[in-house]
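A.B. asks: Model the following, please.
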Amino acid sequence: MTVSVQKALSFGVFVLGILSALFFAVYTDHRWEDWYITFRASKNLSEGLGFTFNMNERVHSFTSPLGTLIPALLHFITRDDEAVIWSFRIVNMLLIGLVAKLIFDLFSTFIKAPILPALLVTLALIFDEKSIDYSINGMETAFMLLGIVLLVRELFKTGNPDPLRLGLIFAFLMWSRPDAFIHIGSLLLGYLLFRNNSKTHFAAFFKGGMLGILFYLPWVLFAWWYYGNPVPNTILAKGFTLTAESIMNRTWHYVQSVFMGFVSSEAPFLWIFAPAYYYYESWPPVLLFVLKVVTYVAVFLWVIPKVNANARFLSFAAFLIASYLNIFSPTIYPWYIPAVMVICLVSLGCAVAQPAKGLAGTGNVKWLSLGVLGILLIAQLWVYTGGLLQMRWQQDIIENGLRKEIGLWLKEESKTPNETVFLEPLGYIGFYSGLTMYDYPGLCNTKVINARKELKTESYVQLINYLKPNWVVFRPWDLGRATKEEAATFATLYDQARVFSQKEKLADLNVYGKNYLAYDSEFIVYKKK
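C.D. replies: Below is the predicted model:
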C-alpha cells in the first residue's frame, strides 16, 4: 500500500465513521434512558442548582465524570436541551471517526497488515451497532473506545513506553468510566504475560499508573468532598447485593456457562458482538450462532500457542474484562460492551494479519482467516441495520410515546416539585416530571439503598410500603410479585391513577428486537391516597 493510498483510506474511514454515527442519530434520534439521568444532574449544575439529580440530597447519581461535565458545559453555553444532545452527539461522532482512523492506522502502520484485513477490521467497528448507538444516544461509549484504542496503540509502539503518555491515557479512561482500571490492568497484564515482561516496561507501566492516579485525583477529591464518597452511587446501588458468597456462586456459574456455551444457545460471551438486549429472543438464531462462534474465537485466541503475541495478549485482556463483567456486574449493560468488543476486534485482526501477509504454505489459512473477518462484517451490518429500525421505533413508541408522556403527566398532576415518585425507569420520567425520585435500585436516592439494607429486601412493594412515596410507576407485573400481605398494605395506601400503554401500536410492528420494546410497552401509575 503506497503512502498516498494509505492516507486517503485513513481519511476515508474517519469520514465513514462520522457518517455511520450521523446516520444512526438522524434516523433513530435515539436518546438513551440513562442520558436523562445524567443530563438532569448536568443541567442542575449548569443552572447553579447543585451537581445532583434530586435537589434535596447530594447524590453521585451518574457514573462518567466526562459524560456529565461536558453536557453541563454545553448547557451552560447553549441554555437549550436540544442543542446539548445534538452538540454532544457531534463530539461523539468525531470521536467515532477518530477511533476508526486510529484502528486503520494501527493495522496499516504498526502491524504492516495488507489493506483487506485492515479495512475489514475498521469497517466492523464502524458498523458495530452498540458502539454507534451508545455513542449517539448520550452515553460515554465513544470516550471509552478512544481511550482503549489509544492505549493499544501505545502498547504496539516499538521502544520503551512513555510514562507520561500512558498516564494521560489512564486518566482519560478513568475520567470516562471509574471502573476503567479493570480494562487498563487487563491490557497491561496481557502485554506483560504474552509480549514483553522486561523490567523497563514494568517500570514504565508503574510510573504511568502513578501519573494516571495523579491526573484523576482531582475528581476523586471533589467527589469525596461534595458527595461524601468517591464511588458513584450508581455503582453502590447496583453492587449492593454482591457478597463474598454471591461472588463465589456467580464465579462457579460463570465457569460452568463457559463450557455449556459450546452446546447451548446461550453463552457468557455472546453479548460482545450480539445486538443489545438480544436475549429477548427476537433476533435470528443463525445470526446469534455465528456471533457466538466468532466471539469464542476472539476471547480464547490466547490459549493457542501458534497465534502471534499481539493477538494473544489482546485476547487475554478481553477474556479478563469479560470475566469481570460476567461475575461482578448484576447486568451487562450494552454501553459497557464496546470497550471489550474493540479489543476482541483488534485481536482477531492481529491473528489474521500474519497469515494474510502471504507466508509460504498458508494460502488456505489466509483466506479462511479473512473469511472470518468477512463473516463478522456481514453479521455486524445485519445487526446495524436491524438496530436502526429497532431503536427508531423504541424512541418513537416507548421513549417519546410513553415514558416522556408519563413524566409530563406527573408534572401536571403534582402539586409541588417535592412530591416523590417510586419507579425503576428513572431517566425520562424523572427528567420530564421534575419531581423527587425514589428509584430502584437507588441510583439517585440513598433513601432507597438504606431501605433495602434495613428491610433486607429487593421487593418493590415492600420498599414502597415503607417509603410511602406520593406516586408509584409500575410495569403491569410488578405488583403481582408482592406477597398477599404486601399487596394488601399497598391497596390501603394507593389508588390506580392511570394506565399508559402502547401495546396496540406495538402489536403490528415487525422489527428485530420487538420483544425488548414490548417489555416497556405498558406502565400503571398509582397515587397515594
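
A.B. asks: Find the centremost residue of this structure, please.
C.D. replies: Centroid-nearest residue in the chain, with Cα atoms, centre = their mean: residue 335, separated by 1.1 Å.

A.B. asks: how far away is that residue from residue 489?
C.D. replies: 37 Å (Cβ to Cβ, to the nearest Å). Glycine gets a C-beta too; all of them are placed from N, C-alpha and C.

A.B. asks: With residue 260 instead?
C.D. replies: Separation of residue 260 from residue 489 (Cβ to Cβ) stands at 42 Å.

A.B. asks: In terms of packing, which of the two has more residues around it?
C.D. replies: Ranked by neighbour count (other Cβ atoms under 10 Å), residue 260 and residue 489 place residue 489 first, with 17 against 13.

A.B. asks: per-residue confidence for residue 426?
C.D. replies: Looking at residue 426, its pLDDT is 95.

A.B. asks: wait, residue 364
C.D. replies: pLDDT recorded at residue 364 is 55.

A.B. asks: So which bits of the longest helix along the chain are buried?
C.D. replies: If each helix of the chain is counted by residues according to DSSP state H, the longest one is helix 363-393. For helix 363-393, burial by neighbour count (16 or more other Cβ atoms under 10 Å) applies to 366, 369-370, 372-373, 376-377, 379-380, 382-384, 386-393.

A.B. asks: Centre of the chain to the next helix or strand after that helix, how far?
C.D. replies: Sequence-wise, the next helix or strand downstream of helix 363-393 (DSSP states H and E) is helix 404-413. Computed by Cα atoms, centre = their mean, to the nearest Å, the chain-centroid distance of helix 404-413 equals 28 Å.

A.B. asks: Isn't residue 399 up against residue 31?
C.D. replies: Yes - with contact defined as Cβ atoms under 8 Å, residue 399 counts as touching residue 31 (6.5 Å).

A.B. asks: shared neighbours, those two?
C.D. replies: Counting by Cβ atoms under 8 Å, 6 or more residues apart in numbering, no residue touches both residue 399 and residue 31.

A.B. asks: May I ask which helix or strand encompasses residue 457?
C.D. replies: Following DSSP H and E, one finds residue 457 outside all helices and strands.

A.B. asks: Report the separation between it and residue 329.
C.D. replies: Going from residue 457 to residue 329 by Cβ to Cβ gives 22 Å.

A.B. asks: Ignoring the adjacent residues along the chain, who's closest to residue 87?
C.D. replies: residue 74 (5.0 Å; Cβ to Cβ, 6 or more residues apart in numbering).

A.B. asks: what do you get for residue 408?
C.D. replies: In this structure, residue 408 finds its nearest non-sequential neighbour in residue 432, 5.1 Å apart by Cβ to Cβ, 6+ apart.

A.B. asks: got a list of what residue 471 touches?
C.D. replies: By Cβ under 8 Å, 6+ apart, residue 471 lies in contact with 410, 414, 419, 420, 421, 422, 435, 497, 525, 526, 527, 528.

A.B. asks: how many other residues sit next to residue 487?
C.D. replies: Count around residue 487 with other Cβ under 10 Å applied: 14.
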